[in-house]
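Chemist: mind folding the following:
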Amino acid sequence: MVHDTFHGDHRGYFFESFNRKTFLDQTGLDINFVQDNQSHSQKGVLRGLHFQQGDAVQAKLVRVLQGKVLDVAVDLRQQSPTFGKHVAVELSEDSHTQLFVPRGFAHGFVVLSEAATFFYKCDNYYNPATEAGIIFNDPALGIDWQLPVNELLLSAKDKVLPTLQEILPALKF
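Modeler: Numbers count the residues shown, from 1 in each chain. Take a look at the predicted model:
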């Protein structure tokens, strides 16, 4: 988690959404972010679990500009002691926190509020040729998305993603 310095009063607020030195101080990581992305989604929209492989593998710094999401990152690094484990964090416009998702992790989120605007920085460019994913409800991952399955809205592509076990032989980080 990366915590922003927030200054607010009756007039509104100000905070630095990214400061390279502060990020380095809080994480110990000297990352060169090269692409910013933003999405807006309605309640129940679940995007993920996505990742890129090979030379296009990405780290992300994610935050919510408006609304609330459950943000999930799954460790796909096969030599890691936390391989196959996930972290799930609620991010909101009021939390003033960001989640750093390292390279080698799948990432996804579900919108818990009526709508949410989601923003993330990437340290590598989007490359559709290297894009892959894992099905959101893979029993081996055991992710509680906090909403009933019948309320989740997924893209056609995300509905047919493989399980971690199915994609394991093809993982390239």
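Chemist: residues of the biggest helix by length in the chain that come out buried?
Modeler: Of all the segments assigned as helix in the chain under DSSP state H, the longest by residue count is helix 20-27. Of the residues in helix 20-27, Phe23 count as buried by neighbour count, 16 or more other CB atoms under 10 Å. Placement of C-beta: from N, CA and C, glycine included.
Chemist: ranges for the helices of this protein?
Modeler: 20-27, 156-159, 164-167.
Chemist: ok, of those, where does mean pLDDT dip lowest?
Modeler: Within the helices of the chain, the stretch with the lowest mean pLDDT is helix 20-27, showing a mean of 86.
Chemist: who's the spatially most central residue of the chain bridged to?
Modeler: By CA atoms, centre = their mean, the mean C-alpha position of the chain lies nearest to His107, the distance being 4.1 Å. Beta bridges link His107 to His50, Ala73, judged by DSSP bridges.
Chemist: from Leu49, how far off is it?
Modeler: When distance is defined by CB to CB, to the nearest Å, His107 is 7 Å away from Leu49.
Chemist: between those two, what contacts are shared?
Modeler: Contact with both His107 and Leu49 is made by residues Val72, Val74, according to CB atoms under 8 Å, 6 or more residues apart in numbering.
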